[in-house]
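Asker: Give me a 3D structure for the following:
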Amino acid sequence: MHKTVYLSLGSNMGAKVTNIKNAVEAIGAIEGIEVIKTSSLYATEPWGKKDQEGFINAAVEIVTSLTPGQLLERLQEIEIKMGRQPSEKWGPRIIDIDILLFGDEVLESRKLTVPHPHMRNRLFVLIPLEEINSAIRFPDDGMDIKEVLARVIDREGNQGITKI
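Answerer: Sure, this is the predicted structure:
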């Protein structure tokens, strides 16, 4: 069975725009995945750990026949191949690929929580996601993305996002 999945990508090291584009290309090359839509790129201020370079972020819609665990493994393989090193929480990274939503599934395991536990607090996730699908409803609470955006738009740490 094929599921629609939404991913968030971010980079704040090296050639950030190229890193995002290369990651999207690598995702599309995985057997069992079709890239449907990619958002615009957004320049964003760091979230959580402020003393680092700004990020480039994007959202991607895919359709996949992979299970959530298989998808997570493939995405982590891409991160490693692109040079991502284990680092401090919210620290600098060449590429970060997060699974935001996996169909209408609600999952919680040691390795993966879906919907992504922090996505509702981050404009750098919500704005690109809303760009590619403004009708998204979160499977755990039924809220739509526009409601969530309205609640977080002015929260501290959520300024500093620019479409590029």
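Asker: what secondary structure does the residue nearest to residue 116 when sequence neighbours are not counted sit in?
Answerer: Closest residue to residue 116 apart from its sequence neighbours, by C-beta to C-beta, 6 or more residues apart in numbering: residue 100 at 4.7 Å. The way it works is simple: take the backbone N, C-alpha and C, and place the C-beta from them, glycine included. Assigned with DSSP: H, G, I helix; E, B strand; the rest coil, residue 100 falls in the strand class.
Asker: and residue 100, how far is that from residue 85?
Answerer: Separation of residue 100 from residue 85 (C-beta to C-beta, to the nearest Å): 23 Å.
Asker: what about the two, which has more around it?
Answerer: Counting neighbours by other C-beta atoms under 10 Å for residue 100 and for residue 85 shows that residue 100 has the greater number, 22 against 11.
Asker: Let me see the contact set for the more buried one.
Answerer: Residue 100 sits next to 5-8, 59, 114-116, 119, 125, 129 when contact means C-beta atoms under 8 Å, 6 or more residues apart in numbering.
Asker: mind running it again at 10 Å?
Answerer: Residues in contact with residue 100 (C-beta atoms under 10 Å, 6 or more residues apart in numbering) are 5-8, 59-61, 114-116, 118-119, 125-126, 128-129, 136, 138.
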